[in-house]
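In: no sequence on this one, just coordinates:
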């Protein structure tokens, strides 16, 4: 594929994970292999069903692997040692993917949430990125991207909420928000 770049999708607006999965579909349809690690998530959201759709469906498609790297959802509670260990273990999984050359695209979903919650340090993330195969494209999603990560990235998109139905009491809806 040539040179791989680092993308960061951040901000308080909806659509960071959705954009990353959209890029994954585009890459898969172009025959590229995609690995997705979802930090701070242990529940399989509807988008994870794409794994069954792509693997073996068409010989022209790439391979897709999705793995949840969190210990329950710790967004509404104080993270504990199990959360920190899950994040560290997840980082080790992603390190193998990034070094291997097997994956054309690696998506680190909600990684910036893991850093903002101090489950991982920014230095650990920057070290991880420095070890990647140079041809691997990396997409990092999540709110609160630290400035050091923004500086290290080749492409940064800041998604800002202008208006959201959540403020009217509408919770996440299957197939639209999750």
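Out: Happy to help now that I have it. All of these numbers come straight from a predicted model, not from anything done at the bench. Residues are numbered from 1 along each chain as shown.

In: just checking, what packs against the helix or strand of the chain with the lowest mean pLDDT?
Out: In the chain, the helix or strand scored least confidently by mean pLDDT, DSSP states H and E is helix 50-54, which has a mean of 87. Judged by 3 or more Cβ pairs under 8 Å, 6 or more residues apart in numbering; DSSP states H and E, helix 50-54 is in contact with helix 16-29, strand 64-68. C-betas here are computed from N, CA, C, even on glycine.

In: Let me know the next secondary structure element after the first one.
Out: Right, helix 16-29. Scanning forward in sequence from helix 16-29 by DSSP states H and E, the next helix or strand is strand 34-38.

In: Which helix in the chain has the most residues?
Out: Longest helix in the chain by number of residues (criterion: DSSP state H): helix 81-100.

In: what is the orientation angle of it with strand 64-68?
Out: Compare the direction of helix 81-100 with that of strand 64-68 by axes from the mean of the first three to the mean of the last three Cα atoms, to 10 degrees and you get 160 degrees.

In: What's the first helix or strand after helix 81-100?
Out: Beyond helix 81-100 in the direction of the C-terminus, DSSP H and E gives the next helix or strand as strand 105-109.

In: which residues touch that following strand?
Out: 17, 20-21, 23-24, 27, 32-39, 41, 94, 97-98, 132, 136-142 (Cβ atoms under 8 Å, 6 or more residues apart in numbering).

In: Run the chain-centre distance for that strand.
Out: 4 Å (Cα atoms, centre = their mean, to the nearest Å).

In: Show me which positions of the helix or strand that comes right after it end up buried.
Out: Later in the chain than strand 105-109, the nearest helix or strand by DSSP H and E is helix 111-116. Going by neighbour count (16 or more other Cβ atoms under 10 Å), the buried part of helix 111-116 is 111, 112, 113, 114, 115, 116.

In: Can you tell me the closest non-neighbouring residue to the most centrally placed residue in the chain?
Out: Nearest to the mean C-alpha position of the chain, by Cα atoms, centre = their mean, lies residue 109 at 1.7 Å. Once flanking residues are discounted, residue 109 sits nearest to residue 38: 4.4 Å by Cβ to Cβ, 6 or more residues apart in numbering.

In: Can you read off the pLDDT for the one you found?
Out: The model reports residue 38 with a pLDDT of 94.

In: Next, the angle from the longest helix of the chain to strand 34-38.
Out: 160 degrees.

In: how far out from the middle of the chain is helix 81-100?
Out: Taking the mean of its C-alpha atoms, helix 81-100 sits 12 Å from the chain's own mean (Cα atoms, centre = their mean).

In: Stretch 25-36 now?
Out: From the chain centre to the centre of stretch 25-36 is a distance of 14 Å (Cα atoms, centre = their mean).
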